[in-house]
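Visitor: prediction below, plus the sequence it came from.
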Amino acid sequence: PDAPSQARFLHPVSFWGFTLFACLAVGLHAKTVAHLEDSWSVSLAGMVGAMALGLLLCGYRKKRWPVSGAPDLYLGIAAGGLVAALSVWFLFASSLDGSARPLPFVPLANPVDLAQLGFILAVFFWLRAISRSSKNPFRDSVKLRALPIALLFIWFNGLLARIVHHMLDVPFRIDSLWRSVPLQVAYSLSWAVIGLYLTVWASRRSHRTVWIIGAGLLGLVVFKLFLVDLSHLSTGAKIGTFLVVGLLLLIVGYKAPVPPGKKEEKTEEA
């Protein structure tokens, strides 16, 4: 308590240092000592980071030392810096094929998927803790609320690529995946379904921003159909994909009209 105010920043610096050491130790030992695949070493390092974030949140909720010494600093600066660093790790992990050798590949139960889902779950609980903190300046940030949704979308696309790679023997390279007909069809249909869900949900709750995101995703699907699918897919796949996407667009036009903006709502009330 008698330490100068500048010393409080030793809390996040120490937290980052210990977490970095633990992540590197686990990841390097998995690679050099256990001779595991890159998917294991990178994923285990990320799991340690997600566990560190979970321990921080647990200490914040139960008011345990050292988090109790500077709770707002831990919740904002320390946790925020760790989330930013792990988001970079998340993008890198998405480029891995999820090989679980010597174990067989299982969707959702391979090291990459488990580590990424664990991190997304930790981010969700962190944002919930931030929303309940009256002293945190980031509690009302819309961009932070969209972070777990963006991470889920990135993870889902990586999951589809890993499934196609392992189940259909498509090489896990950008050019090979780009030419994969099953993967392109899966992307087009899944993005269309996600866009449909977002527009319907936003239309019922009058959430214009979410509706625009969903409609933008549907527009991206249409753009992808003409730019990519027409040149890569077979005739049957083209017809089936266009029919399904067209049906979903009709549902959007009928069930999910664009919600009124704030200015339109004020005009109607007047």
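Guide: Nice, I can see it.

Visitor: hey, where'd the helices end up in the stretch 51-200 of the chain?
Guide: 71-73, 79-93, 111-131, 142-168, 174-178, 181-204 (DSSP state H, counting those that start in this stretch).

Visitor: can I get those helices in a markdown table with mean pLDDT?
Guide: Listed next are these as a markdown table, based on pLDDT from 0 to 100:
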| stretch | mean pLDDT |
| --- | --- |
| helix 71-73 | 85 |
| helix 79-93 | 94 |
| helix 111-131 | 92 |
| helix 142-168 | 88 |
| helix 174-178 | 88 |
| helix 181-204 | 85 |
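
Visitor: would TSV of the ones you listed with mean neighbour count and distance to residue 32 be doable?
Guide: Where C-beta positions appear, they are placed from N, C-alpha and C, glycine not excepted. Shown next, in TSV, are those (neighbours: other CB atoms under 10 Å; distance: least, CB to CB, whole Å):
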stretch	mean neighbour count	distance to residue 32
helix 71-73	16	35
helix 79-93	17	19
helix 111-131	20	17
helix 142-168	16	25
helix 174-178	12	28
helix 181-204	19	34
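
Visitor: among the ones you listed, which comes closest to residue 45?
Guide: helix 79-93 (7.3 Å; CB to CB).

Visitor: by contact count, what packs against the closest one?
Guide: Secondary-structure packing of helix 79-93 (3 or more CB pairs under 8 Å, 6 or more residues apart in numbering; DSSP states H and E): helix 10-32, helix 38-62, helix 111-131, helix 142-168.

Visitor: any chance of the ones you listed in a markdown table, plus distance to residue 228?
Guide: Conversion of those to a markdown table gives the following (distance: least, CB to CB, whole Å):
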| stretch | distance to residue 228 |
| --- | --- |
| helix 10-32 | 36 |
| helix 38-62 | 28 |
| helix 111-131 | 25 |
| helix 142-168 | 14 |
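
Visitor: of those helices, which is nearest residue 101?
Guide: helix 38-62 (8.5 Å).

Visitor: could you pull out the buried residues of stretch 208-227?
Guide: Using 16 or more other CB atoms under 10 Å as the test for burial, stretch 208-227 gives 208, 210, 211, 213, 214, 215, 217, 218, 221, 222, 224, 225.

Visitor: ok, the fifth one touching residue 195?
Guide: Right, residue 214. Yes: counting by CB atoms under 8 Å, residue 214 touches residue 195, with 4.6 Å between them.

Visitor: so who does residue 243 touch?
Guide: For residue 243, no residue meets the contact criterion (CB atoms under 8 Å, 6 or more residues apart in numbering).

Visitor: separation between it and residue 251?
Guide: 13 Å (CB to CB, to the nearest Å).

Visitor: just residue 14 next, same as before
Guide: Residue 14 is 53 Å from residue 251, by CB to CB.

Visitor: chain center to stretch 10-23, what's the gap?
Guide: Its chain's C-alpha centre and that of stretch 10-23 lie 24 Å apart, by CA atoms, centre = their mean, to the nearest Å.

Visitor: which of the residues in it are buried?
Guide: 11, 12, 15, 16, 19, 20, 23.

Visitor: reformat the residues you listed as a markdown table; add pLDDT and distance to residue 121.
Guide: A markdown table is the format used below for those (pLDDT from 0 to 100; distance: CB to CB, whole Å):
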| residue | pLDDT | distance to residue 121 |
| --- | --- | --- |
| 11 | 86 | 24 |
| 12 | 89 | 22 |
| 15 | 94 | 20 |
| 16 | 95 | 21 |
| 19 | 96 | 17 |
| 20 | 96 | 21 |
| 23 | 95 | 18 |
